[in-house]
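Q: only geometry, no sequence info:
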């Protein structure tokens, strides 16, 4: 939005700056660097660091938008959090990554040891499902959208998009058919109600964007996913269709969200940027490789080296331009 479209932006995030001899979180440095480059490029980038689930941060965001930017054309909702305190009842809910209905057993990649191991995950309770939905579902997205509408801060024709993921058959029990999947379904149902609300209020629209598998701090914590992504990266690189975070979002903006003519959506009204990942030929190869992968042939059958390099870069490591032996001020 900022560098591809020249948009002024307000970013809301929850990060810790460096203090008392300790470094800050990686996201804090990334956001600070983004703001610096934005300023040099002549676009406004306002930072708001705090709990996006809270009423206080919503109110502060609205104040900053009203004073600094004005009504927004695009509101992107992309939060990955282990917990959420609901501002309406004050209760803190905790998300879980569990299957529903039975124990899930599958291969898993221990990224610290570069070892393929077996993982067993016990099924969710009804409370686990409810809690995960409260954290990762569409409830907070709707609260943000309502707050922006009430403050007249959504421009005519404004779009809102929530980022999501569906994933392949191999991760279905732990992902789409598990607790997180129930939350994602809630998110998709929320998009339909928000779409109707925005259409009638400002001629706007709401979408869920189903993105491809990429290396993020959140995705790396999901069992089975690192091994799947390592295989996927190898196959997509060989096919010439591999995309990182920025490439897929450029495609989301250029070929989906702001495409000429009607916005292309699937039968459930979702924007699909996982189409290259879910190519039948790619998924068939993953099914064939999956049972063959062991610790011994991990580097031969997967792109674990590429996965690991991407993961390290999230935290500022493995960059040729950095002298890691130099003394720094945290």
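A: Right, received. Where do you want to start? It should be emphasised that the depicted structure is a prediction, and the values quoted were computed from it without experimental measurement. Residues are numbered from 1 along each chain as shown.
Q: what's the burial count for the spatially closest residue to residue 87 that is not a sequence neighbour?
A: Leaving aside its chain neighbours, residue 87 sits nearest to residue 55 (4.6 Å; criterion: CB to CB, 6 or more residues apart in numbering). For the C-beta atoms, the positions are set from N, CA and C on the backbone; glycine is no exception. By other CB atoms under 10 Å, 12 other residues sit near residue 55.
Q: do the same with residue 61
A: 22.
Q: give me the pLDDT value at it.
A: Residue 61 carries a pLDDT score of 98 in this model.
Q: that one contacts residue 9, doesn't it?
A: No: under the criterion of CB atoms under 8 Å, residue 61 makes no contact with residue 9, lying 11.7 Å away.
Q: related to what we said a few turns ago, wait, the residue nearest to residue 87 sits on residue 85?
A: No: with contacts counted by CB under 8 Å, residue 55 stays clear of residue 85, the gap being 10.4 Å.
Q: strands along the protein, start to end?
A: Using DSSP state E, the strands of the chain run over residues 9-13, 45-49, 72-77, 83-85, 92-94, 104-110, 115-121, 154-164, 205-210, 271-272.
Q: can you tell me what sits against the fourth one?
A: The contact list for strand 83-85 (CB atoms under 8 Å, 6 or more residues apart in numbering) reads 51, 53, 54, 91, 92, 93, 94, 95, 134, 135, 140.
Q: ok, now which ones touch residue 64?
A: Contacts of residue 64 (CB under 8 Å, 6+ apart): 10, 46, 48.
Q: against residue 41, how distant is it?
A: 20 Å (CB to CB, to the nearest Å).
Q: could you do residue 265 as well?
A: Taking CB to CB, one finds residue 265 at 32 Å from residue 41.
Q: cool, residue 305 as well?
A: 33 Å.
Q: who's more crowded, the two?
A: Using other CB under 10 Å, the more surrounded residue of residue 305 and residue 41 is residue 305, with 14 against 11.
Q: could I get the pLDDT score of the more buried one?
A: pLDDT recorded at residue 305 is 96.
Q: same question for residue 233.
A: Value listed for residue 233 in the pLDDT field: 97.
Q: what does stretch 283-294 contact?
A: Under CB under 8 Å, 6+ apart, the answer for stretch 283-294 is 107, 116, 168, 169, 170, 227, 228, 231, 232, 235, 301, 302.
Q: residue contacts, the residue lying closest to residue 199 once chain neighbours are set aside?
A: The spatially closest residue to residue 199, leaving aside those adjacent along the chain, is residue 205, at 6.5 Å (CB to CB, 6+ apart). Residues in contact with residue 205 (CB under 8 Å, 6+ apart) are 159, 160, 195, 198, 199, 263.
Q: which PyMOL command selects the buried ones in those residues?
A: The command below creates a PyMOL selection of those among the contacts of residue 205 that count as buried (16 or more other CB atoms under 10 Å):
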select buried, resi 159+160+195+198
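Q: could you give the angle of the longest helix seen in the chain to strand 72-77?
A: The longest helix of the chain (DSSP state H) is helix 179-202. With axes from the mean of the first three to the mean of the last three CA atoms, to 10 degrees applied, the angle from helix 179-202 to strand 72-77 works out at 160 degrees.
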